[in-house]
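Undergrad: model the structure of this input:
(chains A and B)
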Amino acid sequence: MTDTSFPVEMVGGVPVVVTPEEIDITNADRLRTALLEAAGHGPGRFVVDMSRTQFCDTAGIHALVLAHKRASAQGSEVRLVITGAAVLRIFAVTGLDDVIPHFASLDDALAATSASTEGT
Amino acid sequence: MTAVDPVSVEARLRDIQSITDAALSRLDDRDLLAELLDRTREVLQADTAAVLLLDFSSGQLIATAAAGLEEEVRQGVRIPVGRGFAGRIAAEHRPVVLDRVDHTTVMNPILWAKGIRSMVGVPMVAGGRVIGVLHVGSLTPRQFTSGDVELLQLAGDRAAAAVQSMTAAADRGAVAALQRSLVPSALPAVAGAEMAARYIPGSGAVGGDWYDVFSLPTGHVCVTVGDVAGSGLTAAVIMGRMRSTLRAYALETADPSEVLGRLDRKMQHFEPDALATVVYAVIEPGLDQMHVALAGHFPPVIARPGQPAELADVRTGALIGAVPWTRRPVTTVPVPPGALLCFYTDGLVERPGEVIDEGLDRLCRAVTAQSPEAACAAVTGALVGSEPARDDIALLMIRRHAGREKDADD
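TA: From the prediction side, this is the model:
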């Protein structure tokens, strides 16, 4: 069993949720809880660092979209860090490329100023 | 804790046993609750016992079962959480002992009108949250002891488990009934085409997948297949609403992107927390082409006669419920005579730890341009096998007749 916890770290004042190697129907509920908690930190952006994640199914995708929605509704913003090919693929197949801004590294995600100017 | 009285220890063990008796679990949950109330009343030598369950939508406790206090249930007594005796127990998540029962301590007039003088109640907790309150009352003044509270809590825990199991069974029954009523009992007859479909419930909590196919007055054939995020009764209810909303908008506009756009606006206004993937396809009356729009859903598979099946080359738009305003691309896919179209939900192709393309490839290899019934059987045989699927699966196959072969298939 891989590590399935979702620690939240503060990096330069920005909450960063680190996701495990695999996200699927068995841990997507806990991911959703962790993300909604991070989204509840109030206005401002937060990052979901998925660079360790090699697999994410549609249940995980739903959790990410829900967090994005909740954040947008509060004038906040979610940014994802995605490096795994399988994760990038499920993003493309489910049409999320245009929905949630995502970056190739944590530094890029933290450095970018605003999603609206990213043109991702 | 001074001298231990062996008689009272024995009596206490008997009391505990009466409440935790394994034989109780052979009763069905509703009978168990009634029997448990009787035994609780007996071991605590109380005159009344009642269970109030929390209705999460209204935040009120509703009298559900009672012994010696049946009018509470018959009159449908409701107590807001935080108010009165039972309301306080639920709000504070702890037992409460009352040695004075009147309008200042108890909200429910039945209790003081009946002449109850002392009461003790405990929260019923399941999965870390309060789901109700169990309380007993005495017509003569008495001081309930901490031992009484412990016994009552034991009964409360047992009652919570019974209620939990009752709710789960009711939910499962409702979801199954909802699925049965929503999945088309018979697929429509469409000249020049035949179809077959499967709905396979998952081993986890079932819920949000559907397929639907219907003809429009214009002679177009509409196909919708979707998957509401989440599971259980909530997802199934949203699924039902989405399915009928799509039927309504399909009558109003022929543009798949417009139908999905209207569905999205309707969902975001009335069900702001809902998320779903949908494929919406309109097949021309002559069946020679199909217009498809995708809302975060995997593309349909098309198998042309004599060729390997492939994913239809359709660009995907955003999920329903994901972004405030979006227009999804519409792709026109030619459907040659004899071609088979396969629509499905993610449960069919997703496997833990596997890149999604592997599942999609597996599906393409299993689909061939044959009769829809045989194609369904081949696909479920190859992709579902004998292992129960974790997620539910909806699968719909439509085949355009191959010219003269029209009557060949049954």
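Undergrad: would you mind listing what in chain B touches chain A?
TA: By C-beta under 8 Å from any C-beta of the partner chain, the residues of chain B that approach chain A are B:204, B:227, B:229-230, B:273, B:275, B:277, B:294-298, B:315-319, B:321-324, B:326, B:328, B:346, B:350, B:352-357, B:390-391. All C-beta spots, glycine's among them, are computed from the backbone N, C-alpha and C.
Undergrad: which ones among these map onto strands?
TA: The strands, defined by DSSP state E, take in B:227, B:229-230, B:277, B:294-295, B:316-317 from the residues of chain B next to chain A.
Undergrad: ok, these vs B:Pro123, which is closest?
TA: Proximity of those to B:Pro123 was ranked by C-beta to C-beta; the top entry is B:Gly230 with 27.4 Å.
Undergrad: longest helix in the chain, by residue count?
TA: Just so you know, I chose chain A. With secondary structure taken from DSSP state H, chain A has its longest helix at helix A:58-73.
Undergrad: wait, chain B was what I had in mind.
TA: Chain B, longest helix under DSSP H: helix B:146-182.
Undergrad: elements contacting that helix?
TA: helix B:6-20, helix B:29-43, strand B:48-55, strand B:118-126, strand B:129-138, helix B:232-252 (3 or more C-beta pairs under 8 Å, 6 or more residues apart in numbering or on different chains; DSSP states H and E).
Undergrad: weakest of these by average pLDDT?
TA: Across these, helix B:6-20 has the smallest mean pLDDT, namely a mean of 76.
Undergrad: that one vs helix B:29-43, what angle?
TA: Computed by axes from the mean of the first three to the mean of the last three C-alpha atoms, to 10 degrees, the angle separating helix B:6-20 from helix B:29-43 equals 160 degrees.
Undergrad: what's the closest non-adjacent residue to whichever residue of the stretch 251-400 of chain B sits closest to chain A?
TA: Across the stretch 251-400 of chain B, no residue is closer to chain A than B:Thr316, which sits at 3.5 Å (C-beta to the nearest C-beta). Spatial nearest neighbour of B:Thr316, excluding adjacent residues (C-beta to C-beta, 6 or more residues apart in numbering or on different chains): A:Gly95 at 3.5 Å.
Undergrad: ramachandran angles for the one you found?
TA: Backbone geometry at A:Gly95, expressed as degrees, to the nearest 10, gives phi 70, psi 30.
Undergrad: for B:Val279, same thing?
TA: B:Val279 adopts backbone torsions of phi -110, psi 130, taken as degrees, to the nearest 10.
Undergrad: how much space separates it from B:Ala394?
TA: From B:Val279 across to B:Ala394, the span is 10 Å (C-beta to C-beta, to the nearest Å).
Undergrad: between the two ends of stretch B:101-109, how far is it?
TA: End-to-end distance for stretch B:101-109, by C-alpha to C-alpha, to the nearest Å: 10 Å.
Undergrad: cool, stretch B:127-145 as well?
TA: Note: stretch B:127-145 ends 27 Å apart using C-alpha to C-alpha.
Undergrad: just to revisit the earlier point, overlap in contacts of B:Val279 and B:Ala394?
TA: By C-beta atoms under 8 Å, 6 or more residues apart in numbering or on different chains, B:Val279 and B:Ala394 have these common neighbours: B:225, B:343.
Undergrad: what does chain A put close to chain B?
TA: Residues of chain A lying near chain B (C-beta under 8 Å from any C-beta): A:22, A:24-26, A:54-55, A:57-59, A:61-62, A:65-66, A:68-69, A:72, A:85-86, A:89-90, A:92-96, A:98-99.
Undergrad: can you pull the contacts of the residue sitting nearest the centre point of chain A?
TA: Residue closest to the mean C-alpha point of chain A, counted by C-alpha atoms, centre = their mean, is A:Val48 at 3.4 Å. With contact taken as C-beta under 8 Å, 6+ apart, A:Val48 is in contact with A:16-17, A:19, A:35, A:38, A:64, A:67, A:78-81.
Undergrad: partners of the host helix or strand of it in the sheet?
TA: Using DSSP states H and E, A:Val48 falls within strand A:45-49. Take DSSP bridges as the rule and strand A:45-49 pairs in its sheet with strand A:14-18 (parallel), strand A:77-81 (parallel).
Undergrad: leaving out chain neighbours, which residue sits closest to B:Pro324?
TA: B:Gln268 (7.0 Å).
Undergrad: where's that neighbour relative to B:Trp325, distance?
TA: B:Gln268 sits at a distance of 9 Å from B:Trp325 (criterion: C-beta to C-beta).
Undergrad: same check, this time on B:Val223
TA: Where B:Trp325 is concerned, B:Val223 sits at a distance of 25 Å (C-beta to C-beta).
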